[in-house]
Each structure stands twice: as C-alpha cells, then as structure tokens.
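Student: Sequence and predicted model, in that order:
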Amino acid sequence: MDRKERPARIAFPLALALLLGLAPALCLAQGRGGPPPGPPDPERMLDRMTEQLDLSDQQKQDLDAVFAAHRKAMRSTHEAMGAARETLDSRVHAETFDEAAIRKAAAVMAVLEADQAVGRAKLFQEIRGILTPEQFQKLEQIREERRERMGPGHRGEFPGPGPGSRRDSF
C-alpha cells in the first residue's frame, strides 16, 4: 500500500467510529421529544380527582379554591426551576471548568426544589383536609399504584395522561 492510499483507508473507519460514538450523545441532547413539561395543571387534577374520588359539589368548590390559591406560586416556582436548570446545564457544559459556578447553580436548584417540595406538601395537606377518610385512602392507593408503575425516584403523582407526566403532580 502506498502512502497516498493509507489516509483514505483510515479516514472512513475513523469517521464511522466518530459518528457511532457521538450518536448516543446526540440523542440524549435532543431529549425525549415534545415540549418540556409545564407546571402542574390544577384543573386537570381536579377533573381526575372528581372522576376517581367521587367528590361532592362542595368538595369540588373547596378544591378549586385551594388550587387557585396555589396556582401562582406553583407556576413561578416551576418557571424559576426551568431557568435554574438551564443555568446549571450551561455551567456543567461550559468550555472552561468552574467548580464554584457549578456549585452555586446547583445550590440555587436545591433551594428551588425544596421550595417546590414544601409547596406540594402544603397543597397536599389542604387537599387532605377536604377529602373524607375513605377518599383520602383511595387517593393514597392511587398514588402508591403510580409509584409502583413509575419505579424508584418518581414522586407519588396523581395519575395523569401517562407515565412520566409531571404536568399534573401534586
């Protein structure tokens, strides 16, 4: 083999290996497809709760008021988390490594996640006060079944349109 053929014989396998090596990273970078999950939708939660828990008209009104009271805080926390997640991601993938910037962005995410968890807990306690003991037991059963379907690491969300949906979580 002469010197002119050698680079051509190496170039193709090298390019193929590079493409195959980058394919998983490119797929992950694109995400799961579709728009990112939005904030919880209280109207959908109330509709599903009405169907599955046989709510009275008074309970529907009470729950609607509770969801309305939490709507603004839920939405603003969700939006802040999205911005913080983008900041953290940009720090992690920055051209130069800056540990302090990564830690700061991660700390912001941690505070927002704590705020979100406390908000969900407050909302859930208010919901609990409106439901009868039987309805609450049924809600817990539904949440447990969802946890089993979703696997470890997922919150006990009220059943939504499909696995992984965060739109309608408490």
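Tutor: That came in fine, so what should we check first?

Student: Now do the contacts for Val92.
Tutor: Counting by C-beta atoms under 8 Å, 6 or more residues apart in numbering, Val92 touches Ile102. Where C-beta positions appear, they are placed from N, C-alpha and C, glycine not excepted.

Student: cool, and Leu112?
Tutor: Shown in contact with Leu112 (C-beta under 8 Å, 6+ apart): Thr77, Ala80, Met81, Ala84.

Student: With distance to Ser90 and neighbour count added, can I get those in JSON lines?
Tutor: Below are those laid out as JSON lines (distance: C-beta to C-beta, whole Å; neighbours: other C-beta atoms under 10 Å):
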{"residue": "Thr77", "distance to Ser90": "20", "neighbour count": "18"}
{"residue": "Ala80", "distance to Ser90": "16", "neighbour count": "16"}
{"residue": "Met81", "distance to Ser90": "15", "neighbour count": "17"}
{"residue": "Ala84", "distance to Ser90": "11", "neighbour count": "19"}
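
Student: Need the max-distance pair from those residues.
Tutor: The distance between the two most remote of the contacts of Leu112 (C-beta to C-beta) is 10.2 Å, for Thr77 and Ala84.

Student: so what are the domain limits for this protein?
Tutor: Per the record, the chain has its domains at 1-29, 39-170, by automatic domain parsing.

Student: Buried residues, the lengthiest helix in the chain. List them.
Tutor: Counting residues, the longest helix found in the chain (DSSP state H) is helix 57-92. Of the residues in helix 57-92, 59, 62-63, 66-67, 70, 74, 77-78, 80-81, 84, 87-88, 91 count as buried by neighbour count, 16 or more other C-beta atoms under 10 Å.

Student: No more questions from me, cheers.
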